[in-house]
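*Asks:* Predicted model and sequence follow; I will ask about them next.
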Amino acid sequence: MNDIIVDEPAPDDRIDPLKWFDSPGPVELEIGCGKGGFLLRRAQQHPERRLIGIEWANKYHKFAADRMARWGIANVRTIRMDADQFVQRNLPDLSLTSLFVFHPDPWPKKRHRKRRLIQTPFVESVDRVLIAGGLWAIQTDHQDYFEQIQEVVLQSPVFQEIPFDQADVCEDSDRLETNFEVKYRREGRPIYRLAVRKRNP
Ligand SMILES: C[S@@+](CC[C@H](N)C(=O)[O-])C[C@H]1O[C@@H](n2cnc3c(N)ncnc32)[C@H](O)[C@@H]1O
């Protein structure tokens, strides 16, 4: 498990994520990986890719890292930290090929909405860190947050919407089966999805 968990970088330290892996490959990031279900399947399906999972809740972070260790997954690293800081301050330019954000905390109370992750400064940072042609896939059960996400992401001229089921997210992209997706589907809640590609300059 010690090989899987990496230390939180210092603020403003631009790190090379590939230094955490034994060999190079396209780097993908999942924000709020929770118990790591998606991360595990993604890593198994794509051993040639290098996956980073960020989770700030200690309990879930440990669970996810332990899960990777139990399955002998070599191409995943996890960090326990704030993903906003990691993307905005630690990741270098053009370092990610894919970004996944599934069921981000919706902060439903009006006075808490400013805590939502996906806002204009974050979108600008994703533009900075994603390579041209890179994929950003988002899924939520929260309609109001989804509308905000669509607005801030699609108002950026660099991102072009693509059909989620044709994006390279999962073999059966209709069923990512993250923990929260399974729970919300059972409750009959709708699931909202957005996939975009960064345009070539
Ligand atoms: C609603 S859960 C979804 C978990 C998982 N993606 C899923 O779909 O089952 C949101 C997760 O994101 C984590 N999280 C929220 N904001 C975060 C942030 N800024 N940095 C890192 N993790 C965050 C929470 O701790 C929580 O585990």
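*Replies:* Arrived safely. Residues are numbered from 1 along each chain as shown.
*Asks:* C-alpha only now, for contacts and for neighbours.
*Replies:* OK.
*Asks:* Can you pull the residues of the chain lying near the ligand?
*Replies:* Within the chain, the positions near the ligand by C-alpha under 6 Å from any ligand atom are 31-34, 54-57, 81-84, 102-105, 178-181.
*Asks:* Inside helices: which ones of those?
*Replies:* 83-84, 179-181 (DSSP state H).
*Asks:* for the worst-scoring helix or strand of the chain on mean pLDDT, which positions count as buried?
*Replies:* When each helix and strand of the chain is scored by mean pLDDT, DSSP states H and E, helix 179-186 comes last, with a mean of 89. With burial defined by 16 or more other C-alpha atoms under 10 Å, the residues of helix 179-186 counted as buried are 179-181.
*Asks:* try stretch 53-67
*Replies:* 53-56, 60-62, 64-67.
*Asks:* Quick one: distance of stretch 46-62 to the chain centre.
*Replies:* Distance of stretch 46-62 from the chain centroid (C-alpha atoms, centre = their mean, to the nearest Å) equals 9 Å.
*Asks:* residue furthest from the geometric center of the chain?
*Replies:* No residue in the chain sits farther from the centre than residue 111, which is 25.1 Å out by C-alpha atoms, centre = their mean.
*Asks:* pLDDT for the buried residues of stretch 53-67 - can I get that in a markdown table?
*Replies:* Compiled in a markdown table, the buried residues of stretch 53-67 are given as follows (pLDDT from 0 to 100):
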| residue | pLDDT |
| --- | --- |
| 53 | 98 |
| 54 | 98 |
| 55 | 98 |
| 56 | 97 |
| 60 | 98 |
| 61 | 98 |
| 62 | 97 |
| 64 | 97 |
| 65 | 97 |
| 66 | 97 |
| 67 | 96 |
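*Asks:* Farthest-apart pair in the residues you listed, please.
*Replies:* 56 and 67 (16.5 Å; C-alpha to C-alpha).
*Asks:* so where do the strands sit in this protein?
*Replies:* For the chain, the strands defined by DSSP state E occupy 27-31, 50-54, 76-79, 96-102, 130-140, 159-162, 192-198.
*Asks:* Now for residue 78, how many residues are close by?
*Replies:* 27 (other C-alpha atoms under 10 Å).
*Asks:* Ok, residue 106 next?
*Replies:* 19.
*Asks:* So it versus residue 86, what's the distance?
*Replies:* Distance, residue 106 to residue 86, using C-alpha to C-alpha, to the nearest Å: 19 Å.
*Asks:* got a list of what the residue nearest to residue 32 when sequence neighbours are not counted touches?
*Replies:* Counting by C-alpha to C-alpha, 6 or more residues apart in numbering, residue 55 is the residue found nearest to residue 32 once chain neighbours are left out, at 4.7 Å. Residues in contact with residue 55 (C-alpha atoms under 8 Å, 6 or more residues apart in numbering) are 31-34, 61, 78-83.
*Asks:* any idea which of the residues you listed is closest to residue 18?
*Replies:* Closest to residue 18, out of all of the contacts of residue 55 and judged by C-alpha to C-alpha, is residue 78, at 13.0 Å.
*Asks:* what pairs with that closest one across the strands?
*Replies:* residue 5, residue 53 (DSSP bridges).
*Asks:* just for the chain, where's the confidence low?
*Replies:* 1-2, 171-175 (pLDDT under 70).
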